[in-house]
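In: What would the 3D arrangement of this be:
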Amino acid sequence: MKHLFAIIAVLFLASCGFHLKGMQSKHKLPEKNWYIEGGVLQQPLERALLAASGQIVRTPNSTPAQLRLIAFDSKKDIYTITRAAKLNEYLLSLRVTVQVYYNNLAWGEPMIVEIQRVMPYADSMILGKAEEEATIWREIHEDAADQIVRRLSFLGQP
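Out: Residues are numbered from 1 along each chain as shown. Now for the predicted structure:
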């Protein structure tokens, strides 16, 4: 009976159009081949572009479409403090500005992506919090790259 229920649930989810996040590209990129100057976001941008059915070109003269990281600003601020004046939460913020070029001419306005995450803090778990912070930063970078690639589909034709 449990197996029958599981099969019915899977068939229902498949028939209603449910897809796992990142498994299907919903947006069509205006260009197939891209050269990326992503700096810190190079790897996340490449993964996001490949997931959107784009191709990465390793030399800038091989394709007219280029994506360049203009500004990258990350901050870690105190978000909340307890009544006992102890740190309770941090606010991790990222602001990224990228510009898209086509044949070395600006294509659209610079794209600005801002992402914020709250990270709880506890003095008793300092070692675990360092690893958690690294994981949150990695997720923030991936989220920023996904948002940038999603916005590429709205550029229109050059």
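
In: on contacts alone, who are the packing partners of the helix or strand of the chain with the lowest mean pLDDT?
Out: Lowest mean confidence among the helices and strands of the chain (mean pLDDT, DSSP states H and E): helix 2-15, at a mean of 75. The contact analysis (3 or more C-beta pairs under 8 Å, 6 or more residues apart in numbering; DSSP states H and E) places helix 2-15 against no helix or strand. For every residue, glycine as well, the C-beta is placed using N, CA and C.

In: Next secondary structure element downstream of that helix?
Out: Next helix or strand after helix 2-15 toward the C-terminus (DSSP states H and E): strand 33-37.

In: could you give the angle of the following helix or strand past that following strand to strand 33-37?
Out: As assigned by DSSP H and E, the chain's next helix or strand after strand 33-37 is helix 42-51. Interaxial angle of helix 42-51 relative to strand 33-37 (axes from the mean of the first three to the mean of the last three C-alpha atoms, to 10 degrees): 170 degrees.

In: List the contacts of the residue sitting nearest the centre point of the chain.
Out: The residue lying closest to the centre of the chain (C-alpha atoms, centre = their mean) is residue 143, at 2.3 Å. By C-beta atoms under 8 Å, 6 or more residues apart in numbering, the residues touching residue 143 are residue 115.

In: tell me the pLDDT at it?
Out: In the prediction, the pLDDT value recorded for residue 143 is 97.

In: you'd agree it is in a helix?
Out: Yes - per DSSP: H, G, I helix; E, B strand; the rest coil, residue 143 lies within a helix segment.

In: give me the element residue 93 is part of.
Out: strand 87-102.

In: Could you list every helix and strand in contact with that strand?
Out: Applying 3+ C-beta pairs under 8 Å, 6+ apart, one finds that strand 87-102 contacts strand 65-81, strand 111-120, helix 126-152.
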